[in-house]
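Enquirer: return atomic coordinates for the entry below.
(2 chains)
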Amino acid sequence: MRKLFEIYRYRELLKNLVVNELKLRYRRSALGFLWSMLNPLLTMIVLTLVFSTIMRFNTKDYWVLLLAGMLPWIFFSQAISGGLMSIVGKGALLKKVYIPKTIIPLSTVLAGLVNFMLSMLAMFALMAALGRLPNTAMLFLPVSIGILTLFTCGMAFLFSCLNVYFRDFTHMTEVLISAWFYASPVIYTVEMVPERFRPAFAWNPMLYVIECFRAPIFDARLPSLQTVSIAFAGSLLSALIGFVVFVRFERGFILRV
Amino acid sequence: MTDPLLQLKDVGVRFRLHFERAFTLKEVFINTVRRKNGYRDLWALKGINLDIKAGEAVGIIGRNGSGKSTLLKVIAGVFEPTVGTRTVNGTVAALIELGAGFNGELTGRENVFLNGAIMGRTKAEMLSRYERIVEFAGLKDFMDTPVKNYSSGMYARLGFAIATDVDADILLIDEILGVGDEAFQKKSVARIEAHLAAGKTVVFVSHDAGSIQKICSRAVLLHNGEPSFDGNTTDAIAEYRRQQAAETHA
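Expert: I've put the predicted structure just below:
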């Protein structure tokens, strides 16, 4: 609890780190910050082209289904790999001045969140241009974003902490994330999974989190109460575990970065 | 007012020096299997008791490896004491190493705000101090250059200018006065004196007795991580010299 209050006390620094991270990413490029919109837009166009011509699924407007799962996934996976290196990368800073260590992975996640929101805007623009107009169920999306961010924060805390103690995670996480990607209904839907495998899939919290995005964006309906509760419970658990583990082990960081 | 601003009680810091540091799962596994746990404990600080009141200027002297910088880092909160307690009733601005809180990719201007935020200042507060900081550092023409292109003197000047401008209750300085030309050094000493005159506290680490004598009225002599003298600066320096002489003859 004291740690949460400390994050609030250092909010100015948190804001500063987030802004700097975003600024530095696009510094020295002619289009600058526009890239954070342009980049996902171009990726989406490529994905849409590939999946509507080469790998065709028998789903109408498959590309909307794909994007609705892909964008949250990209945010999640990039925040994990960014968070993974965050503490180790800021080692020099941590050794010289006191700052609450919790805000370091947090700033990585929040910078990713800003990019994610911009890419969502790009997606809505693309959808509108191709005749899929916004619907009222999309008003639920802020809740989905909240759930996803909570889940991502927990995982980023956990991985950044593990990586300080075991550098193996730098390499392991890459594989883990790509395995997790194929185990999550991002390029497919749960309905496409053979019946007998579904119970195993049901253990993946990302399934419910993605459904919270896909239901409003693709099906224009609210996700079921069950889906939302499981997604929320999973996120809360992830955040709790991540935070507790991080706070428990952060004292040792300084000697290991 | 008699409450100490900063209190260290029986503080000790232990570093574990591993012969073979296990940074990977495989190594941890192998070391566990072999029941080999190769490390040696080093107490960088032992039995430190220190009360510092508001308005004091305390010097910390000692030879290389005597624990001066570790002590400063404990005060700054970078290291947590392995044993003992640390109580600080106020804000701390630390100038521990050259460009401590700097991000090399950011410009001088951005780093001013970043460092301000590290020391708990808001953007608005830093805006009102900005001109004065740039003026003092003498870097007006370089504020839009990434600091990775700065010389070490420029780094030190900017770092010093920020840390001494944020009005922290305790200012920690580690050897930093050696950088910068004579004019800047004079300006720096004047600024530290102004800081002290305003009732603030300075803790200054150096192995150079001269600069300690110039600023501090009280000094702590560290020897192998333990305090061997605490009191009047002149006496502390005399003791320091005596210790050094004894060791050269031994």
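Enquirer: wait, is residue A:100 part of a strand?
Expert: No: according to DSSP: H, G, I helix; E, B strand; the rest coil, the state of residue A:100 is coil, so it is not within a strand.
Enquirer: phi, psi for it please.
Expert: For residue A:100, the backbone dihedrals (degrees, to the nearest 10) come out as phi -60, psi 130.
Enquirer: and after the lowest-mean-pLDDT helix or strand in chain B, which helix or strand comes next?
Expert: Using mean pLDDT, DSSP states H and E, the weakest-scoring helix or strand in chain B turns out to be helix B:25-33, at a mean of 72. For helix B:25-33, the following helix or strand on the C-terminal side (DSSP states H and E) is strand B:39-52.
Enquirer: just checking: what are the partner strands of that following strand?
Expert: Here strand B:39-52 has these sheet partners by DSSP bridges: strand B:6-18 (antiparallel).
Enquirer: give me phi/psi at the residue of chain A most remote from its centre?
Expert: Distance from the centre of chain A peaks at residue A:96, with 30.5 Å (Cα atoms, centre = their mean). Backbone geometry at residue A:96, expressed as degrees, to the nearest 10, gives phi -110, psi -30.
Enquirer: and it, how far from residue A:214?
Expert: 45 Å (Cβ to Cβ, to the nearest Å). C-beta: built from backbone N, CA, C; applies to glycine.
Enquirer: next one: residue A:175
Expert: Taken as Cβ to Cβ, the span from residue A:175 to residue A:214 is 26 Å.
Enquirer: try residue A:176
Expert: Residue A:176 is 23 Å from residue A:214, where distance means Cβ to Cβ.
Enquirer: can you list the residues of chain B near chain A?
Expert: Proximity of chain B to chain A (Cβ under 8 Å from any Cβ of the partner chain) is limited to residues B:15-16, B:23-26, B:28, B:76-80, B:92, B:94, B:96-97, B:100-101, B:103, B:105-106, B:110, B:113-114, B:117-118, B:120-123.
Enquirer: do you have the helices of chain B handy? List them.
Expert: Assigned by DSSP state H, the helices in chain B fall at B:25-33, B:68-76, B:108-118, B:123-137, B:152-165, B:182-197, B:209-215, B:233-249.
Enquirer: closest one to residue B:52 among those?
Expert: Closest approach to residue B:52 among the helices of chain B is made by helix B:68-76 (8.6 Å; Cβ to Cβ).
Enquirer: angle of the closest one against strand B:39-52?
Expert: Using axes from the mean of the first three to the mean of the last three Cα atoms, to 10 degrees, the direction of helix B:68-76 lies 60 degrees away from that of strand B:39-52.
Enquirer: got a quick ChimeraX command for the buried subset of the residues of chain B next to chain A?
Expert: To isolate the buried ones among those in ChimeraX, judged by 16 or more other Cβ atoms under 10 Å in any protein chain shown, type:
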select /B:15,24,76,78,79,92,94,96,97,100,101,103,106,110,113,114,117,118,120,121
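Enquirer: which residues of chain B score low on pLDDT?
Expert: Scanning chain B for pLDDT under 70 picks out B:1-2, B:18-23, B:31-38, B:98-99, B:176-180, B:250.
Enquirer: my guess is residue A:160 meets residue A:87, correct?
Expert: Yes: Residue A:160 lies in contact with residue A:87 (Cβ atoms under 8 Å); the separation is 4.7 Å.
Enquirer: more crowded one of the two?
Expert: Neighbours were counted for residue A:160 and for residue A:87 using other Cβ atoms under 10 Å in any protein chain shown; residue A:160 has more, 31 against 24.
Enquirer: look up how far chain B lies from the more buried one.
Expert: For residue A:160, the distance to chain B equals 15 Å [Cβ to the nearest Cβ, to the nearest Å].
Enquirer: what pLDDT is listed against that residue?
Expert: With respect to pLDDT, residue A:160 has a value of 93.
Enquirer: what about residue B:241, neighbour count?
Expert: Neighbours around residue B:241, by other Cβ under 10 Å: 11.
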